[in-house]
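# how would this look folded up:
(one chain, ligands or ions: 1)
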Amino acid sequence: MKKLALLAIPAALALAFTTTTLAADGKTVYADNCAKCHGDDGKGATKMGQKLGAKDYSDAAVQAAVTDDQAFKAIKEGMKKDDKTLMKSSELSDEDIKASVAYLRTLKK
Ligand code: HEC
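Numbers count the residues shown, from 1 in each chain. Purely as a prediction, here's the structure:
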């Protein structure tokens, strides 16, 4: 009995760890996958963002011009302008994409 209980502890810890990493945390997803272009503040003032022409998502008008569906599709399938790839199609899960868009929405000033 005692041995079983001891075995259960690491299993429970492992489970807790997996659930937290898998849960869609918009801020983390954004920081890891979007901030290098769109910037921590959404302004797109990073080197990559400037080069690719990322818009200023702290601007309410820029935010209003994009629906959640458009944003989702652009991230999921990628976005191109002429021959230039602006965003590559993403390998993120649908939940993570939605969470990152939701986080981007919070950067509106
Ligand atoms: C390689 C740089 C890069 C990365 C990484 C990137 N983006 Fe973009 N993204 C762009 C550029 C450039 C555009 C086009 C100009 C604009 O709308 O800012 C764009 C466009 C968008 C748009 C507007 C889509 C539309 O239909 O107009 C949204 C929303 C967006 N990105 C969100 C994100 C989110 C959320 C992530 C992370 C999951 C992400 N981007 C990752 C560069 C990037």
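
# need the residues that contact stretch 90-102.
Stretch 90-102 has contacts (C-beta atoms under 8 Å, 6 or more residues apart in numbering) with 24-26, 29-30, 33-34, 68, 71-72, 75-76, 78. Quick note: C-beta positions are derived from backbone N, CA and C, even for glycine.

# write the ChimeraX selection for whichever of these are buried.
Entered in ChimeraX, the line below selects the buried ones among those, by 16 or more other C-beta atoms under 10 Å:
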select :24,25,26,29,30,33,34,71,72,75
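
# what's the weakest-modelled helix or strand in the chain?
helix 2-22 (a mean of 64; mean pLDDT, DSSP states H and E).

# I'd like the next helix or strand past that helix.
Later in the chain than helix 2-22, the nearest helix or strand by DSSP states H and E is helix 26-33.

# wait, does that next one make contact with the ligand?
Yes: counting by C-beta under 6 Å from any ligand atom, the ligand has neighbours in helix 26-33: residue 33.

# let me know the average pLDDT across that helix.
The average pLDDT for helix 26-33 rounds to 97.

# let the chain start at 27 from now.
In the new count, where the first residue is 27, that last one comes out as helix 52-59.

# CA-only coordinates of that helix in PDB, if you can.
C-alpha atoms of helix 52-59 as PDB (Å, rounded to 0.1, in the frame of the first residue of the first chain):
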ATOM      1  CA  GLY A  52      -2.600  33.200 -24.500                       C
ATOM      2  CA  LYS A  53       0.200  35.300 -23.000                       C
ATOM      3  CA  THR A  54       2.700  32.400 -23.100                       C
ATOM      4  CA  VAL A  55       1.700  31.300 -26.600                       C
ATOM      5  CA  TYR A  56       2.000  34.900 -27.800                       C
ATOM      6  CA  ALA A  57       5.300  35.500 -26.200                       C
ATOM      7  CA  ASP A  58       6.700  32.300 -27.700                       C
ATOM      8  CA  ASN A  59       5.200  32.500 -31.200                       C
END
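
# what's the first helix or strand after it?
By DSSP H and E, the next helix or strand past helix 52-59 is helix 61-64.

# what helices and strands are in contact with that following helix?
The contact analysis (3 or more C-beta pairs under 8 Å, 6 or more residues apart in numbering; DSSP states H and E) places helix 61-64 against helix 73-78.
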